[in-house]
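> What shape does this take:
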Amino acid sequence: ANIYSKRGDYMTALAYLFTFLKNAIYGTTNYFTKGLNANDIDAIDILALRFLLSFVVLWLLKTTRIIKIDVGIKDVFKKTEKHDFILPLFLAALFSPVIEMLFETTGFTMTTAVTAGVITSLMPVASCIFEGIILKEKTTLLQKIFLGLGIIGVIYIAINTNTSDGNDTVFGIVCLIIAVIAGPLYLVFSRKSSGKFKPLEVTYFSCLLGMIVFNAISVVKHLWQGDITHYFDPYFQPENILGFITLSIVSTIFCTLMNNFSMSKLQASTVAAFGGISTIVTILIGVALGEELHHFHYIGFALILIRMIGVSYISLKKAKKAAKNF
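Here you go, the predicted model:
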């Protein structure tokens, strides 16, 4: 029993580490996405080519038996061994990357940074609600308070940031709200599917669905514009190589894999509590590139870190208490 307890502690610690690393890497994606945008690549094309490369890499690893993945699109339509358990996996992949990234990308382009920051900061609250409704996992009052502190931290940074350029649109705000709902639903269904599918299989299926949907949209767009022969041009521009490798392999494959592993061990609200780390990393990258760090950044950082530490500490106490009772 002691051996199993130690193994469980190790896995939990690894889940926390992966959650932190995932969000730290996510904080760099804005930089690489903006770099690709600066090279006149449309946001939908970035998503399409990003997930196409991600899926091809995973498919090659699967085909060459370097990794073992026993799930695919056939399990959705055919009565296979895993067909009866495919719905949570399909919903996880549908909510993220498909719905979350599609509506988040659209929303970011149609709202100011302040509005986007305020709305997306509500994601931990949505996680708390959905995990209670769907997974029947409860959060304590103190956890809710810590989650609220992190939201205040993100909002405080957003409203103090000088982002007067651009205008908010109702459609952009609605898109961000949909993304805020989709993100936590992905976390919840990823956790639910973890009972039947390995984290690598959840990652593979997410990349598969993302590749199909985003490329379908992109192909229609290019056919409409009459430039389908230039579909793969961004891949062959040297200045885009680092951006696509980072977004497709590091951010999509490794981060999704880490996130799916974490969701098999931790509550959705606990994973969501780390979300502010990406905000901190994004701002620090800006500072490294010459932007100025102000007093409100430090206050916001402190509140985000308090949320992360507070929610994690309470979750660990709850887990140890449950293990002791078991």
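
> what's the burial count for Leu141?
By other CB atoms under 10 Å, 7 other residues sit near Leu141. All C-beta atoms are positioned from the backbone trio N, CA, C, and that covers glycine.

> please renumber so the chain begins at 14
All set: I'll call the first residue 14, so the last point we hit is now Leu154.

> That one and Ala106, how far apart?
According to CB to CB, to the nearest Å, Leu154 and Ala106 sit 33 Å apart.

> which secondary structure element contains Gly303?
Under DSSP states H and E, no helix or strand contains Gly303.

> tell me the phi and psi of it?
Main-chain torsions, Gly303, degrees, to the nearest 10: phi 110, psi 0.

> Repeat that for Ile79.
phi -70, psi -40.

> same deal with the one 3 residues further on?
Backbone torsions of Ile82, given as degrees, to the nearest 10, read phi -130, psi 120.

> That one: what's it in contact with?
Residues near Ile82 by CB atoms under 8 Å, 6 or more residues apart in numbering: Leu71, Lys75, Lys211, Leu213, Glu214, Tyr217.

> The fourth one reaches Met271, doesn't it?
No - when contacts are counted by CB atoms under 8 Å, Leu213 is not listed as touching Met271 (11.0 Å).

> least trustworthy helix or strand in the protein by mean pLDDT?
The helix or strand of the chain with the poorest confidence is helix 126-133; it has a mean of 70 (mean pLDDT, DSSP states H and E).

> How far off centre is the helix or strand following that one?
Counting by DSSP H and E, the next helix or strand C-terminal to helix 126-133 is helix 136-143. Relative to the centre of its chain, helix 136-143 is centred 14 Å away, using CA atoms, centre = their mean, to the nearest Å.

> next one: stretch 66-84
On CA atoms, centre = their mean, the centre of stretch 66-84 falls 21 Å from that of its chain.

> ok, Gly289 touching Ile165?
No - checked against CB under 8 Å, the pair Gly289 and Ile165 is beyond contact range at 10.6 Å.

> And these two? Which one has more around it.
Neighbour count, other CB under 10 Å: between Gly289 and Ile165, Gly289 has more, with 27 against 15.

> ok, that one - contacts?
Gly289 makes contact with Asn36, Ser134, Gly163, Gly166, Val167, Ile317, Leu318, Arg320, Met321, according to CB under 8 Å, 6+ apart.

> And the buried ones among those, selectable in PyMOL?
Listed next is the PyMOL selection for buried residues among those, using 16 or more other CB atoms under 10 Å:
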select buried, resi 36+134+163+166+167+317+318+320+321
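
> Adding secondary structure, distance to Arg63 and pLDDT, write the contacts of Gly289 out as JSON lines.
Output for the contacts of Gly289, formatted as JSON lines (DSSP: H, G, I helix; E, B strand; the rest coil; distance: CB to CB, whole Å; pLDDT from 0 to 100):
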{"residue": "Asn36", "secondary structure": "helix", "distance to Arg63": "18", "pLDDT": "89"}
{"residue": "Ser134", "secondary structure": "coil", "distance to Arg63": "25", "pLDDT": "71"}
{"residue": "Gly163", "secondary structure": "helix", "distance to Arg63": "28", "pLDDT": "78"}
{"residue": "Gly166", "secondary structure": "helix", "distance to Arg63": "29", "pLDDT": "81"}
{"residue": "Val167", "secondary structure": "helix", "distance to Arg63": "25", "pLDDT": "77"}
{"residue": "Ile317", "secondary structure": "helix", "distance to Arg63": "27", "pLDDT": "83"}
{"residue": "Leu318", "secondary structure": "helix", "distance to Arg63": "30", "pLDDT": "86"}
{"residue": "Arg320", "secondary structure": "helix", "distance to Arg63": "30", "pLDDT": "83"}
{"residue": "Met321", "secondary structure": "helix", "distance to Arg63": "28", "pLDDT": "85"}
